[in-house]
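> Need coordinates for the below:
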Amino acid sequence: MFDIQKIPFSRYGSFITISPNHQEKGDGALYIRNIRNGDNDFGEVFKIELVWEGKIQSYKPILKPSFLLLESEEGYVEFCITDANVLQIRSKGIGVRLTGITGAYDYAVMVESDRWEVNHSSQEMRYMITSVKGLIEMDAPFIEQRCDKIIADLLPDSIGAEMECVIEEFTTNYHLRSYPAFEEGRMAVKRDFEAWVHNTLPLPEEYSSGKYLAAYITWSCVVPGEGILTRPAMYMSKNWMTNIWSWDHCFNAMALAKQSPELAWDQFMIFFDLQDTTGMLPDFVNNRFALWNFTKPPIHGWTLKRIWEQSDYVTVEKLLEVYEPLKKWTNWWMTYQDSDHDGIPQYNHGNDSGWDNSTIFHKGTPVESPDLSSFLVLQMEVLADIAGKIGKKDEAEEWRLQSKQLLTGMIEHFWDGERFTAIRSGTHEVIESDSLVLSIPLILGKRLPGDILEKLIEGIRDKGFLTKYGLATELPSSSFYREDGYWRGPIWAPTTLLIVDGLLSAGEQELGLEIARRFCAMATKSGMAENYNALTGEGLRDPAFTWTSSVFLILGYLLYK
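Residues are numbered from 1 along each chain as shown. Below you'll find the predicted structure:
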């Protein structure tokens, strides 16, 4: 059972979602939503209320993976998304009032005595509301070009009786269909989710409740390939972060790679399907559009290697599919993101790094940062491995040479004898920062000289980043630290995994697994939030995030093995 004030109700493969409107202060009322517009629009279609003898009734929500139950003193209502575009509703002793959240041109029209069409033009979707048991009372006066209001009461036809109704999404012409009985549909959804849980990475028993929540969030956040989405896509959330970003998807892919390799491959490749001819990847994408104003860091080579290590799904054919896109993505950074032509790529905005407001950007941009070069060192190495596997021996040697040259260049460029620094591109002015991002070169492991590697490890162990709950993204003693400062303090899942991976690759098993334990304990207690207060472990921002869920599963699996 989950808290619907934090965890949206949805299911695998559907854009239909029920949740409160977190973007506005209110009474916690629930809304049926269409999340096809990305995070530009919350997508409310109908406000849900319970009604008895014409009066609105209070209720207690109970959210389970296969259905949403609203309990009232007078009766109860159940909601189940039995198919991608079908929401079935069943009640006993009480009715449901759906109040349309309408805009210009929205209207409702009777199709038959037991069926109404609601044309929700502001959401670019039509809804067919069909009564299976009971009746529909519609209040939808039409004035000039739209209905002044749209209020549908779905009511039992007698005291204590049952009501059943079906709401279907469609865009052009409606086609009659049959529906399963409510209980039959609910059981089918239950089986689907249970199969997903069974296919989720095994974790230690102490994290079982966290695993169940993480499994629900990842399962329910998958939407179908629709519009410009070329494949099924795991959104970051169905609260308000209703997109996929071009490094977030990598963490979801890694969590799926062992047990669901085909879906993992879809997550990994979806951005390469949209790749610009220059090699750039968009910042984020949803079914409607991709944003090109920013991008995200090139962790894709690092990710790909971890995917193919977990499954034999990544065949030579798959490597042929990804080689040229990954090559173009690597060359884009080295060609278009090096304005001072010093061979060290740069970030032109914090958003491009994924660490949007990190303190390495507090003096402005462009910024040359050692994490970016580290990712590309690894990506070039992976390209060399792929080139060797697909018979491009000369290119393999060239990529290995480039990787080694960039590694040498980044050490000369950023290492000051005690730590890595970030610098302004062009002037090479060192930027004052106590950000964890400067420790990300740990992912290079033993590729780094021993003295540098040891100082990086000491920085994680002893400097103060590691709290009771995990790794703060800004040193808590820093004047820039903020408890809810986004990338200026809170614990984040992806950066935790990067550091843990680096520690393990450096042979620091004990420290790496201890960080994993702290993170998993925190997430099990505080939920799969977007990020966490580094000093209290409290979840912050979006409370139902997939990359947090995926990293939790990956780290938990490390502790299980």
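> contacts and neighbour counts: CA atoms only from here.
OK.
> what is the mean pLDDT for stretch 331-351?
In this model, stretch 331-351 has an average pLDDT of 98.
> Just the endpoints, please. Distance across that stretch?
20 Å (CA to CA, to the nearest Å).
> now stretch 145-162
36 Å.
> Report the buried residues of that stretch.
For stretch 145-162, the neighbour count (16 or more other CA atoms under 10 Å) marks 146-156, 161-162 as buried.
> Equivalent analysis for stretch 513-529, please.
Buried-residue list, stretch 513-529, by 16+ other CA under 10 Å: 513, 515-524, 526-529.
> can you check stretch 340-353 too?
Buried positions in stretch 340-353, judged by neighbour count with 16+ other CA under 10 Å: 343, 344, 345, 346, 347, 348, 349, 350, 351, 352, 353.
> Tell me which residues touch the second one, please.
The one in question is residue 344. 334, 338, 368, 373, 406, 409, 410 (CA atoms under 8 Å, 6 or more residues apart in numbering).
> Please list only the buried members of the residues you listed.
Buried, going by 16+ other CA under 10 Å: 334, 338, 368, 373, 406, 410, out of these.
> chain center to the strand or helix carrying residue 131: distance?
Assigned by DSSP states H and E, residue 131 belongs to strand 125-133. Its chain's C-alpha centre and that of strand 125-133 lie 31 Å apart, by CA atoms, centre = their mean, to the nearest Å.
> try stretch 523-535
The answer for stretch 523-535 is 15 Å, by CA atoms, centre = their mean.
> Just the endpoints, please. Distance across it?
14 Å.
> Can you pull the poorly scored residue ranges out of the stretch 101-250 of the chain?
Of all residues in the stretch 101-250 of the chain, none has pLDDT under 70.
> circling back to that earlier point, strands - which of the buried residues of stretch 513-529 land there?
Using DSSP state E, the subset of the buried residues of stretch 513-529 located in strands is empty.
> quick check, nearest of the residues you listed to residue 240?
residue 529 (12.5 Å; CA to CA).
> I'd assumed residue 547 was in contact with that closest one.
No. Contact criterion CA atoms under 8 Å: residue 529 and residue 547 do not qualify, at 9.3 Å.
> still on that earlier bit, show me the two of the buried residues of stretch 145-162 that sit farthest apart.
Going by CA to CA, the pair spanning those furthest: 146 and 161, at 34.0 Å.
> Residue 556: which of the contacts of residue 344 is nearest?
For the contacts of residue 344, the nearest to residue 556 is residue 373 (28.8 Å; CA to CA).
> Identify the residues contacting the closest one.
344, 345, 406, 407, 410.
> residue ranges for the helices of the chain, please.
Assigned by DSSP state H, the chain shows helices spanning 182-198, 208-220, 248-256, 261-273, 300-308, 316-336, 350-353, 370-389, 393-414, 450-462, 493-505, 509-526, 546-560.
> Out of those helices, flag the one nearest residue 57.
helix 182-198 (23.4 Å).
> The closest one packs against which elements?
The contact analysis (3 or more CA pairs under 8 Å, 6 or more residues apart in numbering; DSSP states H and E) places helix 182-198 against strand 75-83, strand 86-92, helix 208-220.
> mind checking how far the last one is from the chain centre?
Okay, so that is helix 208-220. That offset, for helix 208-220, works out to 13 Å (CA atoms, centre = their mean).
> residues making contact with it?
In contact with helix 208-220 (CA under 8 Å, 6+ apart) are residues 2, 7, 9-13, 65, 193, 196-197, 200, 203, 234, 237, 523-525, 527-528, 544-546, 549-550, 552-553.
> Equivalent analysis for the shortest one, please.
If you take CA under 8 Å, 6+ apart as the criterion, strand 86-92 is touched by 16, 75-82, 156, 160-169, 182.
> Would you list the buried entries among those?
Looking at the contacts of strand 86-92 with 16+ other CA under 10 Å, the buried ones turn out to be 16, 75-82, 156, 161-169, 182.
> who's in contact with the most centrally placed residue in the chain?
Residue closest to the mean C-alpha point of the chain, counted by CA atoms, centre = their mean, is residue 236 at 1.6 Å. Each residue near residue 236 by CA under 8 Å, 6+ apart is listed here: 221, 242, 243, 244, 245, 248, 545, 546, 547.
> Over to the second one: give its phi and psi.
Note on residue 242: its backbone torsions stand at phi -90, psi 60 [degrees, to the nearest 10].
> Report how many residues lie close to it.
25 (other CA atoms under 10 Å).
> show me what contacts it?
35, 38, 39, 235, 236, 286.
> Residue 293: which of the helices of the chain is closest?
helix 350-353 (9.2 Å).
> and for that closest one, what are the contacting residues?
By CA under 8 Å, 6+ apart, helix 350-353 touches 283, 294, 295, 296, 297, 347, 356, 357, 358, 361, 372.
> Need phi/psi at the closest residue to the first one other than its chain neighbours.
In other words, residue 283. Nearest residue to residue 283, sequence neighbours excluded (CA to CA, 6 or more residues apart in numbering): residue 295, at 3.9 Å. Backbone geometry at residue 295, expressed as degrees, to the nearest 10, gives phi -140, psi -160.
> Over to residue 339?
Dihedral angles (degrees, to the nearest 10) for residue 339: phi -70, psi -20.
> Contacts only, for it.
Here residue 339 is in contact with 346, 425, 426 (CA under 8 Å, 6+ apart).
> And residue 542, what's its pLDDT?
Looking at residue 542, its pLDDT is 96.
> nearest residue to it other than its sequence neighbours?
Counting by CA to CA, 6+ apart, residue 542 lies nearest to residue 530, which is 5.1 Å off, once chain neighbours are set aside.
> do residue 258 as well
Per CA to CA, 6+ apart, closest to residue 258 is residue 310, 5.1 Å.
> repeat for residue 398
residue 384 (7.6 Å).
> Could you tell me how many residues sit around residue 1?
What residue 1 shows, counting by other CA under 10 Å, is a neighbour count of 10.
> which residues sit in contact with it?
Applying CA under 8 Å, 6+ apart, the residues near residue 1 are 62, 63, 64, 65.
> Distance check, it against residue 210.
Residue 1 sits 12 Å away from residue 210, going by CA to CA.
> do residue 147 as well
45 Å.
> how many neighbours does residue 312 have?
Neighbours around residue 312, by other CA under 10 Å: 12.
> Got phi/psi on it?
Given degrees, to the nearest 10, the pair of backbone angles that residue 312 has is phi -90, psi 10.
> residues contacting it?
Contacts of residue 312 by CA under 8 Å, 6+ apart: none found.
> so what's it scoring on pLDDT?
On the pLDDT scale, residue 312 gets 93.
> I'd assumed residue 528 was in contact with residue 538.
No. Look at residue 538 against residue 528 with CA under 8 Å: they stay out of range, at 10.5 Å.
> any residues in contact with both of the two?
With contacts defined as CA under 8 Å, 6+ apart, no residue is shared by residue 538 and residue 528.
> now residue 345, nearest residue through space, not along the chain?
residue 338 (4.7 Å).
> next one: residue 256
residue 264 (5.0 Å).
> Please apply the same query to residue 440.
Closest to residue 440 by CA to CA, 6+ apart is residue 371, at 5.3 Å.
> how close does the one you found get to residue 112?
62 Å.
> Tell me which of these two has more neighbours.
Between residue 371 and residue 112, counted using other CA under 10 Å, residue 371 has the larger neighbour count: 25 against 9.
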